[in-house]
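Undergrad: pasting the structure only:
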């Protein structure tokens, strides 16, 4: 992880504020930067704050994220992966982590119920929301490839509702507002914070370039909802 | 027109596209290359493959995207930069920072396919690029210890999962269109061609395949200029 990423991580963590409060937080992220932002979020939450969490892998098999985390000295042991795509993609890359599999990315609206059921099972050892402090989904928008919009919207509402019943679970939701304005607006109505970082990320210079640093993140927060 | 169907369609996620950096090409492929994807750029010697690839990376760097240039030629960075710096779009400051250069030449002679794939993936995981170039991929076939086709298949599959658009260049002999060993594993094929017409050689570009894209077919005239690199001429007139 280079200096730019560390600065980005500090900025996002500062934007998230008190992570013990939980709830859904909306991050406006460029589609091409989802992996990078996932990585810095996991570094901040799992490694720096030592928070146990769940990573839901929709966009690519979980092994790629495990590989990425290890390469960046982030221990995946605190994470539980829910892999929605591996059994669908048939990828054979090896990965060693705590993982639960879902049969495929279709019928995503059943995922919150699956999480509830897993968590309700005593000693399940794989996925338990009660033991986790955050849930991160790698690419919400890619769910629209496999489900119609109303199912994804239903999933999002149910997912956030489920988190409310586990009051201190934090859920950063990454969506590219420019590409998915409808999904973004739906998520925005469900979140308590919004962190806008696209333009700022684009302009972040490197330490070596000697250019003045620009603000990396900007966020608007209104208790109980978002304004503006 | 069926309203509800169109309404639902507009709510679906379209492909993310990134600009190719080649003036005139994006208009041929619905706005840019799909992200992520693996695109084969094929052509004989002198058709502008490396120029295309460098412009692709520089366009990304302009946009704040990280690039990774993997060369299989064991060519020193400064040697490549020496020629590439003649183009106005090339900013040497990009190299080492926004564009990371990796020389795979030495490893090609020593490593078996799984190890080589591991080395490439380690670099990708380290750099986290949104744009990758492997230039030229065809050299791997002549140097690799092991099955080239299996390596290409595995490489293309892995690259698709690293959240990047990868441009692999392939050198072909005159008369050939593209290296067939990799064509089935890629999401797009762009051809760069030379054609002898009236005593001179003219350059053309053709999009042969671009998955998920209603692309323009047929050969388009191109030029290579100092200011912009490769330019699709049809877009100009």
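TA: Looks like it came in fine. Computed from a predicted structure; not experimentally measured.
Undergrad: ok, what's across the strand from residue 194?
TA: Let's take chain A. Beta-bridge partners recorded for residue A:194 (DSSP bridges): residue A:26, residue A:220.
Undergrad: chain B was what I was after
TA: Bridge pairing for residue B:194 - DSSP bridges - gives residue B:203.
Undergrad: how close does it get to residue B:141?
TA: 22 Å (CB to CB, to the nearest Å). The way it works is simple: take the backbone N, C-alpha and C, and place the C-beta from them, glycine included.
Undergrad: helices of chain B, start to end?
TA: B:3-11, B:49-62, B:77-84, B:105-110, B:113-127, B:138-143, B:148-160, B:180-183 (DSSP state H).
Undergrad: against which helices or strands is the fifth one packed?
TA: It refers to helix B:113-127. helix A:62-71, strand B:67-71, strand B:99-103, helix B:105-110, helix B:148-160 (3 or more CB pairs under 8 Å, 6 or more residues apart in numbering or on different chains; DSSP states H and E).
Undergrad: and it, how far out from the chain middle?
TA: Computed by CA atoms, centre = their mean, to the nearest Å, the chain-centroid distance of helix B:113-127 equals 18 Å.
Undergrad: residue A:176 contacts residue A:30, doesn't it?
TA: Yes: contact status for residue A:176 versus residue A:30: in contact at 5.8 Å, counting by CB atoms under 8 Å.
Undergrad: just the helices of chain B: most buried one?
TA: Highest mean neighbour count of the helices of chain B: helix B:49-62, a mean of 23 (counted as mean count of other CB atoms under 10 Å in any protein chain shown).
Undergrad: quick one, it and helix B:77-84 angle?
TA: For helix B:49-62 against helix B:77-84, the angle by axes from the mean of the first three to the mean of the last three CA atoms, to 10 degrees is 100 degrees.
Undergrad: okay, the helices and strands packed on helix B:113-127 in TSV with mean pLDDT next?
TA: Output for the helices and strands packed on helix B:113-127, formatted as TSV (pLDDT from 0 to 100):
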stretch	mean pLDDT
helix A:62-71	87
strand B:67-71	94
strand B:99-103	91
helix B:105-110	82
helix B:148-160	87
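Undergrad: may I see those organised as TSV, with distance to residue A:146 added?
TA: Converted to TSV, the helices and strands packed on helix B:113-127 look like this (distance: least, CB to CB, whole Å):
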stretch	distance to residue A:146
helix A:62-71	17
strand B:67-71	29
strand B:99-103	34
helix B:105-110	38
helix B:148-160	17
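Undergrad: among those, which is nearest residue A:41?
TA: helix A:62-71 (11.4 Å; CB to CB).
Undergrad: helices and strands around the closest one, which ones?
TA: Judged by 3+ CB pairs under 8 Å, 6+ apart, the packing partners of helix A:62-71 are helix A:34-42, strand A:53-57, strand A:79-83, helix B:113-127.
Undergrad: ranges for the helices of chain A?
TA: Going by DSSP H, chain A shows helices at A:3-16, A:34-42, A:62-71, A:86-89, A:111-120, A:149-165, A:181-190, A:198-203.
Undergrad: residue ranges with poor pLDDT in the chain?
TA: The chain I'm using is chain A. A:86-95, A:120-127, A:167, A:198-228 (pLDDT under 70).
Undergrad: look at chain B instead
TA: B:1-13, B:234-237.
Undergrad: so what's the spatially most central residue of chain B up against?
TA: Centroid-nearest residue in chain B: residue B:167, 2.3 Å away (criterion: CA atoms, centre = their mean). Going by CB atoms under 8 Å, 6 or more residues apart in numbering or on different chains, residue B:167 touches B:33, B:39, B:41, B:52-53, B:56, B:131-135.
Undergrad: can I get those in TSV including distance to residue A:118?
TA: TSV is the format used below for these (distance: CB to CB, whole Å):
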residue	distance to residue A:118
B:33	39
B:39	40
B:41	46
B:52	49
B:53	46
B:56	44
B:131	38
B:132	37
B:133	42
B:134	41
B:135	46
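Undergrad: for chain A, state which of those is nearest.
TA: Closest to chain A out of those is residue B:131 (8.9 Å), distances taken as CB to the nearest CB.
Undergrad: dump the residue contacts of residue A:157.
TA: Counted by CB under 8 Å, 6+ apart, residue A:157 has contacts A:186, A:190.
Undergrad: tell me how far it lies from residue A:103.
TA: For residue A:157, the distance to residue A:103 - CB to CB - is 22 Å.
Undergrad: leaving out chain neighbours, which residue sits closest to residue A:22?
TA: Closest residue to residue A:22 apart from its sequence neighbours, by CB to CB, 6 or more residues apart in numbering or on different chains: residue A:168 at 4.1 Å.
Undergrad: can I assume the one you found is in contact with residue A:20?
TA: Yes: at 5.9 Å, residue A:168 counts as touching residue A:20 under the criterion of CB under 8 Å.
Undergrad: what do those two both touch?
TA: Common neighbours of residue A:168 and residue A:20, using CB under 8 Å, 6+ apart, are residue A:133.
Undergrad: partner residues bridging the residue nearest to the centre of chain B?
TA: When bridges are called by DSSP bridges, residue B:167 pairs up with residue B:39, residue B:133.
Undergrad: ok, residue B:50 - contacts?
TA: Applying CB under 8 Å, 6+ apart, we find residue B:50 in contact with B:80, B:84, B:135, B:169.
Undergrad: just give me the residue closest to the centre of chain A.
TA: residue A:136 (2.7 Å).
Undergrad: hmm, that residue is touching residue A:171, no?
TA: Yes: in this structure residue A:136 lies within contact range of residue A:171 using CB under 8 Å: 7.3 Å.
Undergrad: now the closest residue to residue B:109 other than its chain neighbours: how far from chain A?
TA: Closest residue in space to residue B:109, ignoring its immediate chain neighbours: residue B:143 at 5.8 Å, by CB to CB, 6+ apart. For residue B:143, the distance to chain A (CB to the nearest CB, to the nearest Å) stands at 24 Å.
Undergrad: for residue B:143, give me its contacts.
TA: B:72, B:108-109.
Undergrad: wait, which of those is closest to residue A:150?
TA: Lowest distance from residue A:150 to these (CB to CB) belongs to residue B:72, with 48.1 Å.
Undergrad: residues touching the closest residue to that closest one other than its chain neighbours, list them.
TA: Excluding the flanking residues, the one nearest residue B:72 by CB to CB, 6+ apart is residue B:139, at 4.1 Å. Listed by CB under 8 Å, 6+ apart, the contact partners of residue B:139 are B:72-73, B:108, B:171.
Undergrad: do residue B:191 as well
TA: B:42-43, B:177-178, B:204-208.
Undergrad: could I get those residues as TSV with distance to residue B:121 and neighbour count?
TA: Below are the contacts of residue B:191 laid out as TSV (distance: CB to CB, whole Å; neighbours: other CB atoms under 10 Å in any protein chain shown):
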residue	distance to residue B:121	neighbour count
B:42	24	28
B:43	27	25
B:177	30	14
B:178	25	20
B:204	35	18
B:205	31	26
B:206	32	19
B:207	29	20
B:208	28	15
